[in-house]
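A.B. asks: how would this look folded up:
(one chain, ligands or ions: 2)
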Amino acid sequence: MSDTPVQDSPAPAGLTPADLEQAQRREIDTPSSQVMRFGPADALPLDAGVTLAPWQIAYETYGTLNADRSNAILICHALTGDQYVASTNPVTRKPGWWTMLVGPGKPVDTDRYFVICANVLGGCMGTTGPASTNPETGAPYALSMPVVTIRDMVRAQARLVEHLGIETLFAVVGGSMGGMQVLQWASLYPEKVFAAVPIATGARHSSQNIAFHEVGRQAVMADPDWLGGNYIAAGRRPSKGLSVARMAAHITYMSDTSLHRKFGRNLQDREAPTFGFDADFQIESYLRHQGLTFVDRFDANSYLYVTRAMDYFDLAAEHGGSLARAFLRTSTRFCVISFTTDWLFPTSESKAVVRALNAAAANVSFVEVHSDRGHDAFLLDEPEMFRTVRGFLTGAAHARGIPAPGGAA
Ligand SMILES: CC(=O)SCCNC(=O)CCNC(=O)[C@H](O)C(C)(C)COP(=O)(O)OP(=O)(O)OC[C@H]1O[C@@H](n2cnc3c(N)ncnc32)[C@H](O)[C@@H]1OP(=O)(O)O
Ligand SMILES: N[C@@H](CCO)C(=O)O
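C.D. replies: Residues are numbered from 1 along each chain as shown. Ligands and ions are numbered 1, 2, ... in the order given. This is a model prediction of the structure:
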């Protein structure tokens with residue numbers, strides 16, 4: 001993505017012109033990744049009623065695929081995640097986002113399993129998205145990119161998995177939007193999913209969650225540098241709007257308890273309030289930091305597309321209003337995980353999934369992890385979640401005949 005001249009339009013409340021100048025001067029690098037490209041003969045049908053071609057999917061793999069190709073685990077990332085689940089992200093230079101869960105000897109043990117993680121359709125880390133070139137115009141798609149759904153993302157992943165020569169995935173694992181993809185995989189391709197681990201997720205996006213996403217999208221679209229979505233061609237970036245969108249969203253990823261513990265009403269680098277609108281409070285400074293670092297790694301139009309994909313997700317609606325019907329005759333074994341203080345995807349959403357799986361006579365276990373860290377707990381050091389995932393996968397691997405690293409099944 002190209003850099004942007006610094007704009008002198010006024011900053012929204014909460015971001016200083018200096019903050020914005022710094023954000024707009026940074027570039028989002030092009031990530032290096034493995035990429036699978038599909039030509040017109042492999043056009044991808046989308047729920048929007050059109051096909052996408054050419055298209056590509058960027059992915060990373062970890063571990064070794066065994067001889068009978070039975071040990072593959074697909075990890076599905078959340079809203080703003082990427083394929084770098086267990087390796088350094090080349091844009092942020094930070095470790096992978098689930099290195100505590102995925103790696104040698106970890107619960108998703110790459111000494112035992114072959115792990116695949118792909119950037120979602122509509123994303124901005126190498127898979128086709130609104131920043132990709134529209135072959136018909138030679139310019140970035142921007143809003144001419146068709147709107148994509150969770151099911152479209154899963155269809156794209158299924159093509160990748162097929163081209164990697166894998167008929168059945170041993171497991172599909174993911175949190176939040178990644179968990180939606182897990183449920184969609186199990187519903188759309190039940191014969192291709194031996195085990196499924198949907199974490200901190202739901203079978204539909206709630207009205208409240210759609211509302212939060214709409215606030216974020218409006219912030220992006222209200223930025224004068226958004227230019228109807230055509231900012232890349234104009235060499236601009238709607239960093240202000242995207243920062244504000246992330247600030248608002250980030251609040252929903254945490255709990256009141258964790259915000260109180262981290263920041264309380266503490267002041268940021270000062271002894272007393274300034275009686276102005278600078279970041280007096282630590283929480284304000286923190287949110288500004290989250291907004292500013294986000295625009296370094298994420299494309300604004302992609303943000304519109306992936307939030308929309310979550311909003312449209314409603315697995316029961318795909319099956320005449322019955323969630324149980326989404327899983328009828330499934331032989332997949334499920335482990336559903338929620339967190340006690342996740343108010344974005346509360347435990348009640350997970351229980352609705354478990355009830356539907358029970359009604360479909362599916363093999364399902366459910367764990368509510370005690371954590372006071374809110375929705376993003378699934379990205380953090382949560383030993384109860386790690387134990388649950390390890391135990392479930394170990395049992396399923398035994399049933400599937402995947403040997404342990406030492407050799408025993
Ligand atoms: C899911 C996927 O597929 S991957 C995508 C997910 N990744 C993200 O969402 C990244 C952004 N999210 C976060 O950082 C989430 O808060 C979490 C939950 C994942 C991380 O939580 P924690 O590890 O507890 O980190 P914490 O919330 O304390 O944030 C630390 C950051 O805030 C900064 N910070 C802390 N206090 C302040 C403050 N008062 N003022 C300014 N910045 C502050 C730290 O310097 C640190 O910055 P850095 O991340 O640039 O190094
Ligand atoms: N904080 C994570 C999870 C949000 O659901 C993300 O940005 O992807």
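A.B. asks: alpha carbons only for contacts and neighbour counts from here, please
C.D. replies: Noted.
A.B. asks: which parts of the protein sit against ligand 1?
C.D. replies: Neighbours of ligand 1 within the chain, by Cα under 6 Å from any ligand atom: 77-78, 80-82, 97, 282-283, 285-286, 289, 376, 379.
A.B. asks: neighbours around the residue in the stretch 301-409 of the chain that ligand 1 sits nearest to, how many?
C.D. replies: When scored by Cα to the nearest ligand atom, the stretch 301-409 of the chain has Asp376 as its residue closest to ligand 1, at 4.7 Å. By the criterion of other Cα atoms under 10 Å, Asp376 has 19 neighbours.
A.B. asks: and for Gly321?
C.D. replies: Quick note: Gly321 (other Cα under 10 Å) scores 12 neighbours.
A.B. asks: now name the helix or strand holding the closest residue to Val364 other than its chain neighbours.
C.D. replies: Nearest residue to Val364, sequence neighbours excluded (Cα to Cα, 6 or more residues apart in numbering): Phe334, at 4.6 Å. Per DSSP states H and E: Phe334 is located in strand 333-339.
A.B. asks: related to what we said a few turns ago, enumerate every residue touching the residue of the stretch 301-409 of the chain closest to ligand 1.
C.D. replies: By Cα atoms under 8 Å, 6 or more residues apart in numbering, the residues touching Asp376 are 253-254, 342.
A.B. asks: and the strands in the stretch 301-409 of the chain?
C.D. replies: Using DSSP state E, counting those that start in this stretch, the strands of the stretch 301-409 of the chain run over residues 333-339, 363-369.
A.B. asks: comparing those, which comes out most buried?
C.D. replies: Highest mean neighbour count among these (mean count of other Cα atoms under 10 Å): strand 333-339, with a mean of 25.
A.B. asks: by how many degrees do that strand and strand 363-369 diverge?
C.D. replies: Angle, strand 333-339 to strand 363-369, by axes from the mean of the first three to the mean of the last three Cα atoms, to 10 degrees: 20 degrees.
A.B. asks: ok, strand 333-339 near ligand 2 or not?
C.D. replies: No: against ligand 2, strand 333-339 shows no contacts by Cα under 6 Å from any ligand atom, the least distance being 13.0 Å.
A.B. asks: and Ser187, what does it touch?
C.D. replies: 326-327, 330 are the contacts of Ser187 under Cα under 8 Å, 6+ apart.
A.B. asks: what about Leu164, neighbour count?
C.D. replies: By the criterion of other Cα under 10 Å, Leu164 has 13 neighbours.
A.B. asks: since we're on the residue nearest to Pro54 when sequence neighbours are not counted, how many residues are nearby?
C.D. replies: Distances taken as Cα to Cα, 6+ apart put Gly39 closest to Pro54, at 4.6 Å, once the chain neighbours are dropped. Burial of Gly39 is recorded as 12 neighbouring residues (other Cα under 10 Å).
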